[in-house]
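> next one to model:
(one chain, ligands or ions: 1)
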Amino acid sequence: MRTCVIFNPTAKGDKARRFRRNLDRIGAECTLKQTTHAGAARTLAAEAVQEGFNIIVAAGGDGTVNEVLNGIGDAPDGFKRACLGVFPLGTVNVFAKELGLPTEISQAWEIIKAGQETTIDLPAVKFAGAGGASESRYFAQLAGAGLDARAIELVDWQLKKKLGPLAYVWAGMMALRGKPAQITVTNGTSSATGALVLVGNGRFYGGRYRVFPEADLQDGQLEVVVFPRANWLTLARCSGMFLAGQALPASVAKSFKAHTLTLTSTSPTPLEVDGDNIGHLPAVMSIQRQALRVVVPGKG
Ligand SMILES: Nc1ncnc2c1ncn2[C@@H]1O[C@H](COP(=O)(O)OP(=O)(O)OP(=O)(O)O)[C@@H](O)[C@H]1O
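Numbering: from 1, shown residues only. Below is the predicted model:
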């Protein structure tokens, strides 16, 4: 196996600092490429596939995972030729939690070296990018439109360094002060309208919140949760239920599954994937069943 680790030196977690101390050791056992700017991980990952590496590891947070995933997809037959690995060094690391990966550096490295892999579903979204041109993006774990994407726009990077995940709670409170979006979502048979739409490939969102308790990374389906009203009281009530892994009552949110999903809005509405804003609605999401190879912990 030829492994290339793509490292985001600006990832905010403490783990990124510790990872830096281990760079020499890890660099001696694989090829290490460091990002120099936002978006660089995508180019480096595409190059690594072309250079013949067959495990491409995202060392960073969920934003870096998303860039590396899209870089693999940019290379011809990238998803057949290369397997995605994750070194969780970010603030929240939702995708790593979903895969059951440890955050401890040497344990994570042992898993990558063992190279045990599985295939999971691969979601993608077509949306209105900068300047309104149509763009598409793969995502690993989740997507959101409306309130959560607005909160991500409002996250203060200095505060995120100091407070970690709590910075998102603060940003969420700020986002709730704005005029709610009216997003309509349909999978062709079920539809719903709300101020906040969350879409999951896996179960977790924002950490260990099980927003999609029925999600299965290998079932070829996206999970959709639509909140008609997203106010502070509703979200506080829901967070307890998410932590307990309970399904939300229909009075609070409408949930359904989808192979393809269309999202439209009556006003300019931001869209995020894997925790980073990418553009605006309208958007169309789809999913390819078990099309993504990922490194996972071995059984037992
Ligand atoms: N060298 C770099 N300089 C500036 N920005 C970078 C660099 N490398 C990556 N980035 C950007 O940093 C952003 C955040 O990275 P990432 O998600 O990996 O870490 P994080 O924000 O600490 O983690 P989390 O997503 O878990 O909160 C990504 O959107 C990426 O584009």
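> residue contacts, the residue of the chain found nearest the ligand?
Nearest residue of the chain to the ligand (CB to the nearest ligand atom) works out as residue 61 at 2.0 Å. Quick note: C-beta positions are derived from backbone N, CA and C, even for glycine. For residue 61, the contact set (CB atoms under 8 Å, 6 or more residues apart in numbering) comprises 8, 11-13, 88-93, 275.
> hmm, 7 Å instead?
Residues near residue 61 by CB atoms under 7 Å, 6 or more residues apart in numbering: 11, 13, 89-93.
> do the same with residue 258
187, 221-222, 224 are the contacts of residue 258 under CB under 7 Å, 6+ apart.
> next one: the helix or strand containing residue 286, is it in contact with the ligand?
For residue 286, the host element (DSSP states H and E) is strand 276-295. Yes: on the criterion CB under 6 Å from any ligand atom, strand 276-295 is in touch with the ligand at residue 276.
> report all helices and strands that that strand contacts.
Under the contact criterion of 3 or more CB pairs under 7 Å, 6 or more residues apart in numbering; DSSP states H and E, strand 276-295 touches helix 78-81, strand 83-88, strand 117-128, helix 147-154, strand 260-265, strand 270-273.
> which of those is buried the deepest?
Compared across those, strand 83-88 shows the largest average neighbour count, a mean of 28 (mean count of other CB atoms under 10 Å).
> average pLDDT for it?
Strand 83-88 comes out with an average pLDDT of 96.
> ok, residues contacting it?
Residues outside strand 83-88 that contact it (CB under 7 Å, 6+ apart): 5, 15, 19, 54-59, 65, 68-69, 72, 95-96, 99, 101, 103, 108, 112, 117, 292-295.
> show me those residues that map onto strands.
5, 55-59, 117, 292-295 (DSSP state E).
> what's the local residue count around residue 254?
Look at residue 254: counted by other CB atoms under 10 Å, it has 19 neighbours.
> do the same with the one 3 residues further on
As a burial measure, residue 257 scores 16 neighbours (other CB under 10 Å).
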